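Colleague: what's the 3D shape of this:
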Amino acid sequence: MKRCMGWLAAALMVFGLVGCSGVGIGDGNAKGEVGEVRYEYVAVLANYSRKMTIRPDGHVRVEQQTSKEAKDMIGGEGRLTDAQRADLEKVMRGWKQLKHVYPTDFGTILSISYDGHMVQATPGDKTPPQVLQAKSVLDRIATETLRGAGRLPAATQPVGRD
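Modeller: The predicted structure follows:
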(Lines give C-alpha, C1' and ligand atoms only; values in the text may rest on other atoms or scores of the structure.)
Protein backbone atom coordinates (compact mmCIF):
# COMPACT_ATOMS: atom_id res chain seq x y z
CA MET A 1 0.00 0.00 0.00
CA LYS A 2 2.87 2.39 0.83
CA ARG A 3 4.33 1.74 -2.61
CA CYS A 4 1.00 2.60 -4.30
CA MET A 5 0.61 5.78 -2.26
CA GLY A 6 4.13 6.86 -3.22
CA TRP A 7 3.34 6.23 -6.88
CA LEU A 8 0.11 8.22 -6.57
CA ALA A 9 1.94 11.17 -4.99
CA ALA A 10 4.53 11.11 -7.78
CA ALA A 11 1.79 10.95 -10.42
CA LEU A 12 0.02 13.96 -8.89
CA MET A 13 3.22 15.96 -9.01
CA VAL A 14 3.87 15.02 -12.65
CA PHE A 15 0.31 15.80 -13.72
CA GLY A 16 0.51 19.09 -11.87
CA LEU A 17 3.56 20.10 -13.89
CA VAL A 18 2.07 18.91 -17.18
CA GLY A 19 -1.21 20.69 -16.53
CA CYS A 20 0.53 24.03 -16.09
CA SER A 21 2.60 23.82 -19.24
CA GLY A 22 0.08 25.68 -21.40
CA VAL A 23 -0.30 28.84 -19.34
CA GLY A 24 -0.80 31.96 -21.40
CA ILE A 25 -1.43 30.39 -24.82
CA GLY A 26 -4.95 31.74 -25.17
CA ASP A 27 -7.07 34.18 -23.23
CA GLY A 28 -10.42 32.97 -24.55
CA ASN A 29 -11.49 36.53 -25.31
CA ALA A 30 -11.21 36.55 -29.10
CA LYS A 31 -14.44 35.88 -30.96
CA GLY A 32 -14.75 32.18 -31.70
CA GLU A 33 -12.00 31.18 -29.28
CA VAL A 34 -12.05 29.48 -25.91
CA GLY A 35 -9.17 29.51 -23.46
CA GLU A 36 -6.76 26.60 -23.75
CA VAL A 37 -7.92 23.43 -22.01
CA ARG A 38 -5.69 20.61 -20.82
CA TYR A 39 -7.51 17.57 -19.48
CA GLU A 40 -5.97 14.48 -17.92
CA TYR A 41 -7.80 11.59 -16.35
CA VAL A 42 -5.98 8.55 -14.98
CA ALA A 43 -7.55 5.51 -13.35
CA VAL A 44 -4.39 4.04 -11.83
CA LEU A 45 -5.67 0.59 -10.91
CA ALA A 46 -7.62 0.15 -14.16
CA ASN A 47 -4.61 1.08 -16.36
CA TYR A 48 -6.77 3.68 -18.10
CA SER A 49 -5.77 7.20 -19.08
CA ARG A 50 -7.06 9.99 -21.28
CA LYS A 51 -5.25 13.20 -22.19
CA MET A 52 -6.75 15.98 -24.24
CA THR A 53 -5.69 19.45 -25.30
CA ILE A 54 -8.08 22.00 -26.77
CA ARG A 55 -6.33 25.02 -28.23
CA PRO A 56 -7.94 28.47 -28.30
CA ASP A 57 -8.61 28.10 -32.04
CA GLY A 58 -10.72 24.96 -31.37
CA HIS A 59 -8.17 22.30 -32.40
CA VAL A 60 -8.66 19.16 -30.28
CA ARG A 61 -6.06 16.43 -29.69
CA VAL A 62 -6.90 13.28 -27.70
CA GLU A 63 -4.80 10.33 -26.52
CA GLN A 64 -6.39 7.45 -24.67
CA GLN A 65 -4.95 4.22 -23.29
CA THR A 66 -7.15 1.40 -22.05
CA SER A 67 -4.49 -1.01 -20.72
CA LYS A 68 -0.75 -1.39 -20.20
CA GLU A 69 -0.36 -2.59 -23.78
CA ALA A 70 0.88 -0.07 -26.35
CA LYS A 71 -1.61 -1.53 -28.86
CA ASP A 72 -4.41 -0.22 -26.65
CA MET A 73 -3.36 3.43 -27.17
CA ILE A 74 -5.57 5.41 -29.52
CA GLY A 75 -5.47 9.02 -30.53
CA GLY A 76 -7.26 11.47 -32.72
CA GLU A 77 -7.50 15.11 -33.69
CA GLY A 78 -10.36 17.31 -34.73
CA ARG A 79 -12.03 20.67 -34.20
CA LEU A 80 -14.65 21.81 -31.73
CA THR A 81 -18.15 22.00 -33.14
CA ASP A 82 -20.25 25.07 -32.35
CA ALA A 83 -22.29 23.00 -29.86
CA GLN A 84 -19.15 21.68 -28.14
CA ARG A 85 -17.71 25.19 -27.94
CA ALA A 86 -20.93 26.49 -26.36
CA ASP A 87 -20.98 23.63 -23.81
CA LEU A 88 -17.33 24.23 -22.96
CA GLU A 89 -17.77 27.99 -22.56
CA LYS A 90 -20.78 27.42 -20.31
CA VAL A 91 -19.15 24.86 -18.01
CA MET A 92 -15.91 26.86 -17.71
CA ARG A 93 -17.53 30.12 -16.59
CA GLY A 94 -16.11 31.00 -13.17
CA TRP A 95 -13.39 28.31 -13.41
CA LYS A 96 -10.72 30.57 -11.92
CA GLN A 97 -12.74 30.84 -8.68
CA LEU A 98 -12.23 27.12 -7.98
CA LYS A 99 -9.44 25.95 -5.67
CA HIS A 100 -6.43 24.33 -7.30
CA VAL A 101 -6.65 21.07 -5.35
CA TYR A 102 -9.58 19.20 -3.83
CA PRO A 103 -9.15 16.27 -1.44
CA THR A 104 -8.36 13.12 -3.32
CA ASP A 105 -8.85 9.46 -2.61
CA PHE A 106 -6.70 6.71 -4.01
CA GLY A 107 -7.73 5.46 -7.42
CA THR A 108 -8.32 8.15 -10.01
CA ILE A 109 -6.65 11.44 -10.78
CA LEU A 110 -8.45 14.25 -12.59
CA SER A 111 -6.64 17.38 -13.74
CA ILE A 112 -8.30 20.14 -15.76
CA SER A 113 -6.49 23.32 -16.68
CA TYR A 114 -8.49 26.10 -18.31
CA ASP A 115 -6.78 29.25 -19.49
CA GLY A 116 -3.89 28.55 -17.10
CA HIS A 117 -5.96 27.76 -13.97
CA MET A 118 -5.49 24.10 -13.03
CA VAL A 119 -7.83 22.13 -10.78
CA GLN A 120 -6.97 18.63 -9.51
CA ALA A 121 -9.38 16.24 -7.83
CA THR A 122 -10.65 12.69 -7.64
CA PRO A 123 -14.18 12.40 -9.04
CA GLY A 124 -16.50 11.85 -6.10
CA ASP A 125 -18.69 13.53 -3.52
CA LYS A 126 -15.88 15.90 -2.38
CA THR A 127 -15.51 17.26 -5.91
CA PRO A 128 -17.39 20.48 -6.79
CA PRO A 129 -20.27 19.98 -9.25
CA GLN A 130 -18.62 22.31 -11.79
CA VAL A 131 -15.54 20.07 -11.96
CA LEU A 132 -17.70 16.97 -12.50
CA GLN A 133 -19.74 18.78 -15.16
CA ALA A 134 -16.53 19.89 -16.90
CA LYS A 135 -15.29 16.28 -16.84
CA SER A 136 -18.54 15.14 -18.43
CA VAL A 137 -18.35 17.76 -21.20
CA LEU A 138 -14.67 17.02 -21.84
CA ASP A 139 -15.25 13.25 -21.95
CA ARG A 140 -18.02 13.79 -24.50
CA ILE A 141 -15.76 16.03 -26.64
CA ALA A 142 -12.94 13.45 -26.43
CA THR A 143 -15.22 10.57 -27.43
CA GLU A 144 -16.73 12.54 -30.32
CA THR A 145 -13.24 13.55 -31.48
CA LEU A 146 -12.00 9.94 -31.43
CA ARG A 147 -15.17 8.80 -33.20
CA GLY A 148 -14.80 11.52 -35.85
CA ALA A 149 -11.18 10.48 -36.41
CA GLY A 150 -12.38 6.91 -37.06
CA ARG A 151 -10.82 5.61 -33.86
CA LEU A 152 -14.07 4.52 -32.15
CA PRO A 153 -17.17 2.83 -33.53
CA ALA A 154 -20.26 5.03 -33.94
CA ALA A 155 -22.14 3.25 -31.12
CA THR A 156 -19.47 3.98 -28.47
CA GLN A 157 -20.74 5.92 -25.49
CA PRO A 158 -18.61 8.66 -23.88
CA VAL A 159 -15.80 6.98 -21.98
CA GLY A 160 -14.51 8.41 -18.73
CA ARG A 161 -14.47 5.92 -15.94
CA ASP A 162 -15.38 7.26 -12.49
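Colleague: three-state assignment of the residue nearest to the spatial centre of the chain?
Modeller: With distances taken as CA atoms, centre = their mean, Y39 lies nearest the centre of the chain, 2.2 Å away. Y39 carries the three-state label strand when classified by DSSP: H, G, I helix; E, B strand; the rest coil.
Colleague: Tell me how far it lies from A86.
Modeller: Computed with CB to CB, to the nearest Å, the distance linking Y39 and A86 is 18 Å. Any C-beta I mention is one placed from the backbone N, CA and C, and that applies to glycine too.
Colleague: same thing with E69?
Modeller: According to CB to CB, E69 and A86 sit 37 Å apart.
Colleague: quick revisit: show the contacting residues for the residue nearest to the centre of the chain.
Modeller: Residues in contact with Y39 (CB atoms under 8 Å, 6 or more residues apart in numbering) are R50, K51, M52, T53, I54, S111, I112, S113, K135, L138, A142.
Colleague: so what's it bridging to?
Modeller: As for beta bridges, Y39 partners with M52, I112 under DSSP bridges.
Colleague: re earlier: closest one of the contacts of Y39 to M92?
Modeller: Using CB to CB, I112 comes nearest to M92 of the contacts of Y39, at 8.9 Å.
Colleague: V137 is in contact with the closest one, correct?
Modeller: No. Using CB atoms under 8 Å, I112 is not in contact with V137; the gap is 10.1 Å.
Colleague: T143 and L152 touch, don't they?
Modeller: Yes. Applying CB under 8 Å as the test, T143 and L152 come out as touching, 6.6 Å apart.
Colleague: what's the distance between the nearest residue to E40 once chain neighbours are set aside and A149?
Modeller: Distances taken as CB to CB, 6 or more residues apart in numbering put S111 closest to E40, at 4.5 Å, once the chain neighbours are dropped. In this view, S111 and A149 are 23 Å apart by CB to CB.
Colleague: Give me the more crowded residue out of these two.
Modeller: Higher neighbour count among S111 and A149: S111, with 23 against 16, using other CB atoms under 10 Å.
Colleague: Can you give me the pLDDT of the more buried one?
Modeller: Listed pLDDT for S111 reads 96.
Colleague: Please name the nearest non-neighbouring residue to L88.
Modeller: V34 (5.5 Å).
Colleague: Number of residues surrounding the one you found?
Modeller: V34 has 24 neighbours, counted by other CB under 10 Å.
Colleague: Also the one 10 residues further on?
Modeller: By the measure other CB under 10 Å, the count of residues near V44 is 15.
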